[in-house]
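> 3D, please:
(one chain, ligands or ions: 1)
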Amino acid sequence: MLSLQDFEHRAKRRLPLSIFGYVSGGGEEDLSLRANRADFDALRFQPRILCDVSGRSQRLALFGQDHALPFAIAPMGFSALAAYDGDVVLAQAAREMGSFAICSAASLTPLERVAAQGGGGWFQCYIPGEETRIGALLDRLLTAGFDKLVVTGDVPVAANRENNAKNGFDAPFRITPQLIWQGITHPRWTLGTMGREIWTRGMPHFENMEAVQGPPLFSRDLVRSTIARDRLSWTHLDFIRARWPGKLLVKGVLHPDDARRARDCGCDGVIVSNHGGRQLDGAISGLRALPAVREAVPDMAVIVDGGIRRGTDVLKALALGADFTLVGRPFLYAAATDGVEGVRHAMKLLAEEVDRDMALLGVNRIEDLRGLSMVKA
Ligand code: FNR
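This is a model prediction of the structure:
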């Protein structure tokens, strides 16, 4: 395993098509998914030489907290379908590496179990546009020990991901005829991941979303909650801000006016993201949106994700003004193939790339990346 891409190739062999397709896929034509990579590839560095880079460090402070790495793990729902105890695995590995994993609202693990890993206190929520339901979730998060809340704003309705329908993937999780066949042909996943999950914790279900929406959660309820979610607006952000004492971030920002709006709501940061190309197909990449957002909210934390696969990608994002970066799919593939050890190894590989690339660029500190010369390929 020499690069993050290697984990994807191994995961593709290990996972049933429906699960791999769910993780890897984008919306409709994959335009935004491809843009995420293309926009990183289209940027070229103009490095400096003979700079004495022997004192380099990739340590980075975010919200006054020191982090060993300039990247963390993006929130990913259903992680436990791809990797046994996936949410806990991601949180544990990130903590051991001096980083953090953001627990997804669509996780299949009770948020208290994830919080117990000490993964940095980050929770991402999907909230229905109903204030009565929001308060209970915030109370539960505070009791569990989370102190950073990410409100994802780019899912007013479920996206159109045709690959899921074609491959037999359903939400909430259901055992479909396709999945049974895929399970027979992928025994390591069937026994080591899914079987083990059902054996130890029962049939996977949306532990945390149910708490917001009230059990039981059947497809019909998911539709209902989606309908409620499409009412979500900045007014709800005001409501959350008034009740949430911790850090508050909005995820899915691609327009500078939305970043300003988040700042005016009293948010502490924004995550510039097109959801890994999984929501609006044709949305610009987070990287493309980043410079204008940075300019719009110079005093806010700006985090970016989407398509980051190499140390050079992390450094390009930081050079364009990001305060921090998130990486999604590769770490889930690493969890799926080699558990905690796999995620640690993947994070180590990316950290080594960042370190080597900083030396090759001629910078010692992450702060020195600002103003680095880059050109369009
Ligand atoms: C996601 N993403 C996501 N985002 C979010 O806010 N809540 C969620 O529950 C999920 N779930 C989810 C599941 C899976 C399988 C993937 C791949 C992604 C989006 C995620 O947080 C992040 O924005 C992207 O994954 C970043 O892009 P890369 O690094 O995967 O290219």
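
> now stretch 92-102 - C-alpha only, CSV.
Taking Å, rounded to 0.1, in the frame of the first residue of the first chain, the C-alpha atoms of stretch 92-102 are listed here in CSV:
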residue,chain,number,x,y,z
GLN,A,92,-9.7,5.6,16.9
ALA,A,93,-7.2,5.7,14.1
ALA,A,94,-7.6,9.4,13.6
ARG,A,95,-7.0,10.0,17.3
GLU,A,96,-4.0,7.8,17.4
MET,A,97,-2.5,9.8,14.5
GLY,A,98,-3.1,13.2,16.2
SER,A,99,-6.1,14.0,14.0
PHE,A,100,-9.8,13.6,14.2
ALA,A,101,-12.8,12.0,12.4
ILE,A,102,-16.1,13.8,12.1
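
> can you tell me what sits against it?
67-69, 71-75, 87, 90-91, 117-124, 150, 326, 331, 335, 340-344, 347-348, 351 (Cβ atoms under 8 Å, 6 or more residues apart in numbering). Backbone N, C-alpha and C define where each C-beta goes, glycine included.

> can you check stretch 16-30 too?
With contacts defined as Cβ under 8 Å, 6+ apart, stretch 16-30 is touched by 8, 11-12, 15, 32-34, 76, 78, 81-82, 159-164, 166-169, 176, 178-179, 182-183, 185-186, 189, 276-282, 329, 332-333.

> how about stretch 113-121?
If you take Cβ under 8 Å, 6+ apart as the criterion, stretch 113-121 is touched by 72, 87-88, 90-92, 94-95, 99-101, 103, 107, 144-148, 246.

> sort out which of those residues are in helices and list them.
Using DSSP state H, the subset of these located in helices is Asp87, Val88, Leu90, Ala91, Gln92, Ala94, Arg95, Ala144.

> read off the pLDDT value for the second one.
Read that as Val88. We have a pLDDT of 97 for Val88.

> how close does Thr193 sit to the ligand?
To the ligand, Thr193 is 14 Å away according to Cβ to the nearest ligand atom, to the nearest Å.

> ok, which residues in the stretch 201-350 of the chain are in contact with the ligand?
Residues of the stretch 201-350 of the chain lying close to the ligand by Cβ under 6 Å from any ligand atom are Lys251, Ser273, His275, Gly276, Arg278, Asp305, Gly306, Gly307, Ile308, Val327, Gly328, Arg329.

> list the ones among the residues you listed that fall in strands.
Judged by DSSP state E, strands contain the following of those: Lys251, Asp305, Val327.

> ok, now which ones touch the second one?
Think Asp305. Asp305 makes contact with Ala74, Ile271, Val272, Ser273, Gly276, Gly286, Thr325, Leu326, Val327, Gly328, according to Cβ under 8 Å, 6+ apart.

> who's in contact with the fourth one?
If I follow you right, that is Ser273. When contacts are counted by Cβ under 8 Å, 6+ apart, Ser273 touches Ala74, Asp154, Lys251, Gly252, Val253, Leu254, Gly286, Val304, Asp305, Gly306, Leu326.

> now name the helix or strand holding the residue nearest to the fourth one when sequence neighbours are not counted.
Okay, so that is Gly252. Once flanking residues are discounted, Gly252 sits nearest to Asp154: 3.0 Å by Cβ to Cβ, 6 or more residues apart in numbering. For Asp154, there is no enclosing helix or strand under DSSP states H and E.

> with Ala289 instead?
Assessed by DSSP H and E, Ala289 sits inside helix 286-296.

> one more: Arg231?
Here Arg231, judged by DSSP H and E, is contained in no helix and no strand.

> got a pLDDT number for it?
We have a pLDDT of 82 for Arg231.

> in stretch 169-182, which residues are buried?
Neighbour-count burial for stretch 169-182 flags Phe169, Asp170, Ala171, Pro172, Phe173, Gln178, Leu179, Gln182 (criterion: 16 or more other Cβ atoms under 10 Å).

> from the stretch 151-300 of the chain, which residue is nearest to the ligand?
Closest contact between the stretch 151-300 of the chain and the ligand, by Cβ to the nearest ligand atom, is at Gly276 (2.9 Å).

> pull the contacting residues for that residue.
Residues in contact with Gly276 (Cβ under 8 Å, 6+ apart) are Gly26, Leu33, Asn36, Ala74, Asp305, Gly306, Gly307, Gly328, Arg329.
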